[in-house]
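Enquirer: predicted model and sequence below, questions to follow.
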Amino acid sequence: MSYITSKPGERFALWKLCERCTDMSPKKVIKANLGVCPKCQLHVQLTSDERIEFFMDPGTWHPLNELITPQNPLDFFDSIPFEARIEDHQFLSGLDDAVQTGIGFINGMPVALGIMDFNFLGGSMGSVVGEKITRLIEHATREGLCLVIFCASGGARMQEGSLSLMQMAKISGALYVFQNVAKLLYIAICTSPTTGGVTASFAMLGDVIFAEPEATIAFAGRRVVSETLNEEFPANFQTSEYSFEYGQLDAVVSRLDLKEAICDMIYFFNQTIYKTPYISDLLDDLIYPYQSFDPFSPEADLYGVENFPFIISATDYKGNCVFDEDMYDLDLNEPVYSNNKKLQ
């Protein structure tokens, strides 16, 4: 359960107790404050539904791949069958698995959004989570959408064995095409906790990486690292502030300012002159043209493009440049071809 959603015994409670400062606040005040304690600014876990409500424009959320559900490929059994454990968490959380994916608008800007939910088996990344995130990335690649993923996970789902571990490579491969071939923007947001295989893969692959204050960000647990290295670490070890200090993050952003920060990044990206038209037409061949402005056009003055090199280029599926010429040496009225594909 999140800080806002009532536990079964608190269904009719109107107030909430902060776990850190013990301040009592009305639920409606906490909800209006996006789940941040008004007194001590404690950021606590939100459900994926709450994040969608807080960050997406009303009525614009369209979920994708809702019918994919987890199985028990290894016939795993601990205290209860794994299928029963999945059903319990599906009933308690109202989710099919630990991530929701979809498309929608943030302040009028279209995005592809993935939100992990720690309430479902600790946000563990199994084959369904990996498949849904991969399909989301591929959809964003086809449609030319910016990608935003809220990470909250205990790591790979060990009940699925190597099938869960391979999701790290599968998602990373889809992100390679998205970022290095399609040249689109990926914003990763680390919430508490972001650990294990999620940290070791897509959480740290963002073009821009944000984190909420005091979020736990780690690969292995603090005790495991301390005992393995036989060292003591500072009190803020494996927090977002510690990670930012050592360059792992681009910014630590309060949840109250996070929506604005996301919109600023997307707006800035959308104003750049380096674009990728024709993605849908050329996706099958994995050849993507990137065409800049005419530096002498009226539009160029809007973006100050006189400060940038003007390049037309294309890359193959490995990201290697297969066409690269200075625009000043080209006749802008003639079409440009690469691998028999018309680029201009």
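Expert: Perfect, I can see it now. Numbering: from 1, shown residues only.

Enquirer: next, count neighbours for the closest residue to T239 other than its chain neighbours.
Expert: Once flanking residues are discounted, T239 sits nearest to E214: 5.7 Å by Cβ to Cβ, 6 or more residues apart in numbering. (Each C-beta comes from the backbone N, C-alpha and C, glycine too.) Residues near E214, counting by other Cβ atoms under 10 Å, number 15.

Enquirer: mind checking the SS state of E214?
Expert: With DSSP: H, G, I helix; E, B strand; the rest coil as the basis, E214 sits in coil.

Enquirer: same question for A84.
Expert: Going by three-state DSSP: A84 is helix.

Enquirer: residues near it, how many?
Expert: Counted with other Cβ under 10 Å, A84 comes out at 12.

Enquirer: got it, and A156?
Expert: There are 25 residues near A156, going by other Cβ under 10 Å.

Enquirer: helix or strand for the nearest residue to it once chain neighbours are set aside, which one?
Expert: Spatial nearest neighbour of A156, excluding adjacent residues (Cβ to Cβ, 6+ apart): G197 at 3.7 Å. Per DSSP states H and E: G197 is located in helix 196-199.

Enquirer: residues making contact with that helix?
Expert: 116, 123, 125, 151, 153-156, 164-165, 167-168, 190, 217-220 (Cβ atoms under 8 Å, 6 or more residues apart in numbering).

Enquirer: out of these, which are inside helices?
Expert: 164-165, 167-168 (DSSP state H).

Enquirer: per-residue pLDDT, the residue nearest to A156?
Expert: Here, the pLDDT recorded for G197 equals 95.

Enquirer: as a check, name the ranges of all strands in the stretch 201-344 of the chain.
Expert: Per DSSP state E, counting those that start in this stretch, the stretch 201-344 of the chain carries strands over the ranges 208-211, 251-252, 288-290, 311-315, 321-326, 337-338, 341-342.

Enquirer: quick one on the thing from earlier: are any of the contacts of helix 196-199 buried, and which?
Expert: Applying 16 or more other Cβ atoms under 10 Å to the contacts of helix 196-199, the neighbour count classes 116, 123, 125, 151, 153-156, 164-165, 167-168, 190, 217-219 as buried.

Enquirer: ok, now which ones touch P63?
Expert: Contacts of P63 (Cβ under 8 Å, 6+ apart): 100-102.

Enquirer: so it bridges to which residues?
Expert: G102 (DSSP bridges).

Enquirer: now do the same for it: its pLDDT.
Expert: With respect to pLDDT, P63 has a value of 97.

Enquirer: heads up, I number from 520, so please use that
Expert: In the new count, where the first residue is 520, that last one comes out as P582.

Enquirer: now do the SS call for I549.
Expert: Quick answer, by three-state DSSP: I549 is helix.

Enquirer: right, and it touches P557 too?
Expert: Yes: assessed by Cβ atoms under 8 Å, I549 is found in contact with P557 at 7.4 Å.

Enquirer: between these two, which is the more surrounded one?
Expert: Comparing I549 with P557 by other Cβ under 10 Å, the one with more neighbours is I549, at 19 against 15.

Enquirer: tell me the secondary structure at P629.
Expert: P629 is classified as strand under three-state DSSP.
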